[in-house]
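Enquirer: Return a 3D structure for these sequence lines:
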Amino acid sequence: MRALELTAERGLEQLDDLRRQALEGSYQGDPALAYSRISRAIRQTVMLHAKFEDEAGKSDEQKKAETAAARAAEAQRAASAEAGRKAHQKRQVKRAVMLAADVESDAAEARGEQARDYADLYVDLHERLDDYDEYSDFGRLAVGAVVANICRVLGIEFDPALWEDEPWAIAEMVEKPKGSPFAEWEPPTPETAPETANDDEADPDDPGADDEDDPYGLAEEDDRPRRRSRSPP
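Expert: All right, here's what the predicted structure looks like:
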């Protein structure tokens, strides 16, 4: 504390010297900038001195109480952060399962079959999510493990390819957490189209054959059926 007092006193002396040199016109530089820097250093020194003085006047009980309060605040921040991570994982699981349900429903309609009731499925999904939340599985289990379990209970097909581009799935492929179906799963290798042995023998009636007026097949591009993507939006 005495050293801080000496520092503040010398700072005031520097301000006096600066004022005198500025009045005489002998100061080399920007006196306003130098004055601002010295004043700020003095203020910080005085504040630090006051803090030390306040700490010195506290009893052991007060110091222990403040330490306990600081630890409690840190624990509260950690709990809030953990709750945020669990809520985020819960949202990821919900989106993943709903995607699988939508794909399954579209496939059933394409086959002319009756799709599952969406409202009932939504209620069942939320019950399963609440169960995992109640037993604190969110944050402890991998996202892929929870998605696979819920899909199995709800009778929904679990196809890892649906989520292969999701950040959480990619992370689990790399980190390989225990229980994750993505720990051992690898995306299938894209298939390549076979090359034509002799392009000169191509069938002229084939829509894919070369056309002198339209060599790239642009005229029929809009009429070709488009393959529906199974990847998440």
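Enquirer: Would you map out the domains in the protein?
Expert: If you go by automatic domain parsing, the domain ranges for the chain are 2-57, 82-175.
Enquirer: Ends of the shortest one, what's the gap?
Expert: Across domain 2-57, the terminal residues are separated by 16 Å (CA to CA, to the nearest Å).
Enquirer: quick one on the thing from earlier: please produce TSV containing the domains of the chain, extended by mean pLDDT and mean neighbour count.
Expert: (C-beta placed from N, C-alpha, C; glycine too.) Listed next are the domains of the chain as TSV, based on pLDDT from 0 to 100; neighbours: other CB atoms under 10 Å:
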stretch	mean pLDDT	mean neighbour count
domain 2-57	91	12
domain 82-175	87	16
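Enquirer: Would you format these as JSON lines with distance to Ala73 included?
Expert: Shown next, in JSON lines, are the domains of the chain (distance: least, CB to CB, whole Å):
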{"stretch": "domain 2-57", "distance to Ala73": "19"}
{"stretch": "domain 82-175", "distance to Ala73": "15"}
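Enquirer: Indicate which one of these is closest to Ala68.
Expert: Closest approach to Ala68 among these is made by domain 2-57 (16.3 Å; CB to CB).
Enquirer: can you give me how far that closest one is from the chain middle?
Expert: 46 Å (CA atoms, centre = their mean, to the nearest Å).
Enquirer: All further residue positions should be reported with the first residue as 14.
Expert: Sure thing, new numbering starts at 14, so read that last one as domain 15-70.
Enquirer: who's in contact with the nearest residue to Trp181 once chain neighbours are set aside?
Expert: Once flanking residues are discounted, Trp181 sits nearest to Val156: 4.5 Å by CB to CB, 6 or more residues apart in numbering. When contacts are counted by CB atoms under 8 Å, 6 or more residues apart in numbering, Val156 is found next to Gln102, Gln105, Val106, Ala109, Trp181, Ala182, Glu185, Ser193.
Enquirer: can we see that at 7 Å?
Expert: By CB atoms under 7 Å, 6 or more residues apart in numbering, Val156 lies in contact with Gln102, Gln105, Val106, Trp181.
Enquirer: wait, is Gln127 part of a strand?
Expert: No. Read with DSSP: H, G, I helix; E, B strand; the rest coil, Gln127 is coil and lies in no strand.
Enquirer: give me phi/psi at it?
Expert: phi -80, psi 120 (degrees, to the nearest 10).
Enquirer: How about it: what's its closest non-neighbour residue?
Expert: Ala121 (7.0 Å).
Enquirer: can you tell me which of the contacts of Val156 are in helices?
Expert: Gln102, Gln105, Val106, Trp181 (DSSP state H).
Enquirer: can you pull the pLDDT of Glu225?
Expert: Note on Glu225: pLDDT of 53.
Enquirer: on that earlier part again, quickly check the ones in helices among the contacts of Val156 for the two that are furthest apart.
Expert: Top of the distance list for those (CB to CB): Val106 and Trp181, 9.3 Å.
Enquirer: For Pro200, find the nearest of the domains of the chain.
Expert: Nearest of those (CB to CB): domain 95-188, 5.0 Å.
Enquirer: Can you measure across that closest one, start residue to end residue?
Expert: Terminal-residue distance, domain 95-188 (CA to CA): 20 Å.
Enquirer: Next secondary structure after the helix or strand containing Ala78?
Expert: Taking DSSP states H and E as the definition, one finds Ala78 inside helix 73-123. Of the helices and strands lying after helix 73-123 in sequence (DSSP H and E), the nearest is helix 131-147.
Enquirer: Having no further points to raise, I will conclude here.
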